[in-house]
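Asker: Sequence first, then the predicted structure, then my questions.
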Amino acid sequence: MSSVTAAPRPSTTLLPGEAQLILHRFRYTLPRELDAEERQSAELKSTLVEGAKRLLSRVQTATRGSSGADGAGAPAPASVPWSGLRADQVAMACALLKECALLQIIGERRGADEATLARAHRVLRALSSAIKHSLKDQAARLEDSVWEERRRLARDLHDHLGGELAVALRRIELHEAELKDSRHLKAAKSSVQEAMRHTRQLIGDICTRTVTPPLDEGLRTFVAEAARSDVDIDISSVGEERAIPEADRREIFLVLRECLRNALTHSDAARVTISLRTTQHWFHARVLDDGIGFLRDHVEDHPSASHGLRSMNERIEGIGGRLRIDSAPGRGTRVEIQVPLHGCS
């Protein structure tokens with residue numbers, strides 16, 4: 001019987017203590033990359049250093065996951081605190097962190113050996129992945145906050161300004177009935193009515209921007225913008241989607257869009273099928289692709305890769321639903337979503 005010798009695993013991406021050395025180099029070099037005004041801001045420097053620290057933590061966690069059981073179940077590092085920073089500041093920090101990592105691994109000298117260069121390449125790829133997921137996190141949080149702020153503004157306009165205008169109009173109408181010469185009151189009444197009309201229009205415009213499009217329509221729009229021409233995508237929808245509360249529908253749409261993005265980006269699928277069905281008490285969705293598939297346990301051991309799956313699961317569980325993912329190498333991926341609609345009007 002012949003025996004097969006396993007190929008040696010590549011050396012650990014970051015060596016023990018290396019992340020701290022990279023961070024020290026980043027902290028020391030950072031002031032040179034800032035302008036005079038930025039160098040005076042202790043808060044900015046602290047935010048940039050903390051962001052670099054969390055990115056390195058993500059790389060370390062992914063490294064532990066790839067090297068054995070000690071990475072399994074490791075908590076995902078905290079999100080990178082980039083909100084509020086300018087795009088050029090974020091880009092500068094990312095480029096500087098990569099430069100510091102490269103210099104720390106290969107040093108200032110020339111002629112690094114092949115193994116060291118390979119490890120430096122893995123570190124840069126891991127950092128690029130961590131940066132990409134951090135920017136994706138930030139974009140998702142920004143989208144959520146903008147949506148919530150628009151809804152809050154619409155409610156406040158309706159409840160406060162709209163209510164006050166209605167009271168003012170009623171008082172004008174009462175006085176108008178008591179006075180013989182009510183020309184000024186009629187002019188005031190006309191102005192209040194016009195203000196009420198503009199307020200209703202403004203509320204309508206804000207609400208329109210926060211209304212999620214029909215799920216199949218929104219997904220087709222995403223496909224038109226993001227899909228490759230060589231992927232066959234079929235989207236079908238059955239049932240009365242208006243039975244789903246608006247907030248729940250938005251969460252479902254974001255999860256379905258993430259499923260579709262994953263299929264288009266990672267699965268190398270030739271065909272993706274999305275089936276949506278709304279019944280009296282349940283919403284069901286199924287996303288199938290014939291791509292390369294994956295091992296769920298392997299993905300969950302890599303926080304940078306599993307973040308999207310966790311986010312999808314949290315969104316569906318947050319609205320009382322269930323999400324199930326079945327996949328295996330060479331067998332594609334199947335995502336099932338079920339959300340109860342009890343209590344809907």
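Answerer: Great, that's in hand. Numbering: from 1, shown residues only.
Asker: so residue 325 sits in a helix?
Answerer: No - assessed with DSSP: H, G, I helix; E, B strand; the rest coil, residue 325 is strand; it does not lie in a helix.
Asker: Let me know the distance separating it from residue 57.
Answerer: Computed as C-beta to C-beta, to the nearest Å, the residue 325 to residue 57 distance reads 26 Å. The C-beta positions use only the backbone N, C-alpha and C, and glycine is treated the same way.
Asker: With residue 222 instead?
Answerer: According to C-beta to C-beta, residue 222 and residue 57 sit 32 Å apart.
Asker: Which stretches in the stretch 1-150 of the chain count as helices?
Answerer: Taking DSSP state H, counting those that start in this stretch as the test, the helices found in the stretch 1-150 of the chain are 18-33, 36-39, 42-67, 87-106, 114-156.
Asker: ok, and what's touching the fourth one?
Answerer: What it means is helix 87-106. 18, 21-22, 25-26, 29-30, 33, 38, 44, 48, 51-52, 55-56, 82, 112, 116-117, 119-120, 123-124, 127-128, 131, 135 (C-beta atoms under 8 Å, 6 or more residues apart in numbering).
Asker: change it to 6 Å
Answerer: 21-22, 25-26, 33, 48, 52, 82, 112, 116, 120, 123-124, 127, 131 (C-beta atoms under 6 Å, 6 or more residues apart in numbering).
Asker: pLDDT averaged over that helix, what's the number?
Answerer: For helix 87-106, mean pLDDT rounds to 86.
Asker: Tabulate the helices of the stretch 1-150 of the chain (a markdown table), appending mean neighbour count.
Answerer: Formatted as a markdown table, the helices of the stretch 1-150 of the chain follow (neighbours: other C-beta atoms under 10 Å):
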| stretch | mean neighbour count |
| --- | --- |
| helix 18-33 | 17 |
| helix 36-39 | 11 |
| helix 42-67 | 19 |
| helix 87-106 | 18 |
| helix 114-156 | 15 |
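Asker: show me where pLDDT drops low in the stretch 151-300 of the chain?
Answerer: Residues of the stretch 151-300 of the chain meeting the criterion pLDDT under 70: 151-211, 227, 295-300.
Asker: Residue 313 versus the closest residue to residue 122 other than its chain neighbours, what's the distance?
Answerer: Excluding the flanking residues, the one nearest residue 122 by C-beta to C-beta, 6 or more residues apart in numbering is residue 13, at 4.9 Å. Per C-beta to C-beta, residue 13 is found 27 Å from residue 313.
Asker: and those two? which has more neighbours close in?
Answerer: Each of residue 13 and residue 313 has its neighbours counted (other C-beta atoms under 10 Å); residue 13 has more, 23 against 17.
Asker: Wait, the more buried one touches residue 124, no?
Answerer: No - using C-beta atoms under 6 Å, residue 13 is not in contact with residue 124; the gap is 9.9 Å.
Asker: how close does the residue nearest to residue 122 sit to residue 96?
Answerer: 19 Å.
Asker: Over to residue 35?
Answerer: 14 Å.
Asker: Residue 41 now?
Answerer: 16 Å.
Asker: Next, residue 274: secondary structure please.
Answerer: strand.
Asker: Next, count neighbours for it.
Answerer: Using other C-beta under 10 Å, residue 274 has 24 other residues around it.
Asker: Which residues does it form beta bridges with?
Answerer: Residue 274 forms beta bridges with residue 235, residue 287, as assigned by DSSP bridges.
Asker: Confirm for me that it is in contact with residue 234.
Answerer: No - with contact defined as C-beta under 6 Å, residue 274 does not count as touching residue 234 (7.1 Å).
Asker: wait, doesn't residue 26 sit right on residue 52?
Answerer: Yes - taking contacts as C-beta under 6 Å, residue 26 lies within contact range of residue 52: 4.9 Å.
Asker: nearest to residue 252, of the helices of the stretch 1-150 of the chain?
Answerer: Evaluated over these, closeness to residue 252 peaks at helix 114-156, with 14.3 Å, by C-beta to C-beta.
Asker: and residue 338, what element?
Answerer: Using DSSP states H and E, residue 338 falls within strand 333-340.
Asker: Name every sheet partner of that strand and say whether each one runs parallel or antiparallel.
Answerer: Assessed with DSSP bridges, strand 333-340 is paired to strand 282-289 (antiparallel), strand 322-327 (antiparallel).
Asker: Export these as TSV, with columns for mean neighbour count.
Answerer: Formatted as TSV, the strands paired with strand 333-340 follow (neighbours: other C-beta under 10 Å):
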stretch	mean neighbour count
strand 282-289	21
strand 322-327	15
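Asker: Am I right that residue 331 is in a strand?
Answerer: No - judged by three-state DSSP, residue 331 forms no part of a strand; its state is coil.
Asker: So for it, what's the nearest residue that isn't a sequence neighbour?
Answerer: residue 293 (4.9 Å).
Asker: Next: residue 318.
Answerer: Using C-beta to C-beta, 6+ apart and skipping residues adjacent in sequence, the residue nearest residue 318 is residue 251, 6.7 Å away.
Asker: wait, the one you found sits on residue 320?
Answerer: No - with contact defined as C-beta under 6 Å, residue 251 does not reach residue 320; the gap is 10.4 Å.
Asker: what would the helices of the stretch 1-150 of the chain look like in TSV with distance to residue 218?
Answerer: Below are the helices of the stretch 1-150 of the chain laid out as TSV (distance: least, C-beta to C-beta, whole Å):
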stretch	distance to residue 218
helix 18-33	40
helix 36-39	40
helix 42-67	30
helix 87-106	27
helix 114-156	13
